[in-house]
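Asks: Got a predicted structure here, sequence first:
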Amino acid sequence: MKSIIYTRVSKKDQTTTRQVNDMKSLKNFEVMKVFSEKISGFSVSVNKRPILQKALLYIKQYEIDCIMVSEVSRLGRNTHEVLGLIEEFKMERVSIYIHNIGATINKEDSSSEMFTKLIVTIMADLARLESEQMSYRIKSGIRSRKAKGLTTGRKVGSKETINKFLSKHQDIQKYLSKGYSSREIQKLCRCSPNTVKKVKDYLQS
């Protein structure tokens, strides 16, 4: 199986040599290239991680069958983005080998399909929890500001610029450019139909 290895660490003093060597020694995987980067999965989105983007491009250019990672979190800490990547790989018929659990998801067989669904379900639940926690923090912050007599939300008369709006929805733009339907994008990005439409309208204006 033609494969690539993708590794990511957050700190400069961390190393992935052992993980790479372990994965290279596995049978049934023909490792064509190793992509490694040192960057935070929390603060930097998928679209802004240059090595990951190079890996994704390489996968398409050389018809790679599988991307190998030490654990799911190496793809990212943002659950929404990781769910999007898993779905994107699935549509491209690319498997994902997860080393710490010794399993491959997105393979075209019934057992893998069940495991993929389990992984995606767990991650979707994590995404829901993240969303609920964020919503709680926002509401708590608003209540705190109101209690102090401070204003909340945008200043009266202010309007979000088109560039600022589009910069917040780069994931939607990426999927639109790849021909995904509005319904698929809503599912991948966990956004409303109006948000997708607004992005489309701004891009076409």
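Replies: Arrived safely, thanks for sending.

Asks: which residues sit in contact with the residue minimising distance to the centre of the chain?
Replies: Compute the mean C-alpha point of the chain, and by CA atoms, centre = their mean the closest residue is residue 81, 2.3 Å away. Listed by CB atoms under 8 Å, 6 or more residues apart in numbering, the contact partners of residue 81 are 45-46, 75, 171. From N, CA and C alone the C-beta is placed, and that goes for glycine too.

Asks: Need the three-state assignment for it.
Replies: Classification of residue 81 using DSSP: H, G, I helix; E, B strand; the rest coil returns helix.

Asks: Now do the strands in this structure.
Replies: Per DSSP state E, the chain carries strands over the ranges 2-9, 30-38, 66-69, 95-98, 103-105.

Asks: Each with direction, which strands does the longest one pair with?
Replies: By that I understand strand 30-38. strand 2-9 (parallel) (DSSP bridges).

Asks: which parts of the partner strand are buried?
Replies: The neighbour-count check on strand 2-9 (16 or more other CB atoms under 10 Å) flags 3-9 as buried.

Asks: What of stretch 168-185?
Replies: Those would be 169, 171-176, 180, 182, 185, for stretch 168-185 by 16+ other CB under 10 Å.

Asks: Now that stretch: average pLDDT?
Replies: Stretch 168-185 comes out with an average pLDDT of 82.

Asks: returning to that earlier point: now which of the contacts of residue 81 would you call buried?
Replies: 46, 75, 171.

Asks: for this protein, what spans make up the helices?
Replies: 17-24, 50-61, 79-91, 110-147, 162-168, 170-177, 182-189, 193-204 (DSSP state H).

Asks: Report the helix or strand with the lowest average pLDDT across this protein.
Replies: Here the helix or strand of the chain ranked lowest by mean pLDDT, DSSP states H and E is helix 110-147, holding a mean of 65.

Asks: Which one, of the helices of the chain, ends up nearest to residue 33?
Replies: For the helices of the chain, the distance to residue 33 is smallest for helix 50-61, at 6.3 Å, taking CB to CB.

Asks: how many degrees apart are that closest one and strand 2-9 in direction?
Replies: Here helix 50-61 runs at an angle of 170 degrees relative to strand 2-9 (axes from the mean of the first three to the mean of the last three CA atoms, to 10 degrees).

Asks: How is this structure partitioned into domains?
Replies: Using automatic domain parsing, the domain parsing of the chain gives 2-117, 159-205.

Asks: Turn those into JSON lines, including distance to residue 146.
Replies: JSON lines is the format used below for these (distance: least, CB to CB, whole Å):
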{"stretch": "domain 2-117", "distance to residue 146": "29"}
{"stretch": "domain 159-205", "distance to residue 146": "22"}
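
Asks: so how far is residue 91 from residue 13?
Replies: 37 Å (CB to CB, to the nearest Å).

Asks: Between those two, which is the more surrounded one?
Replies: residue 91 (13 against 6; other CB atoms under 10 Å).

Asks: ok, that one - contacts?
Replies: Contacts of residue 91 by CB under 8 Å, 6+ apart: none found.
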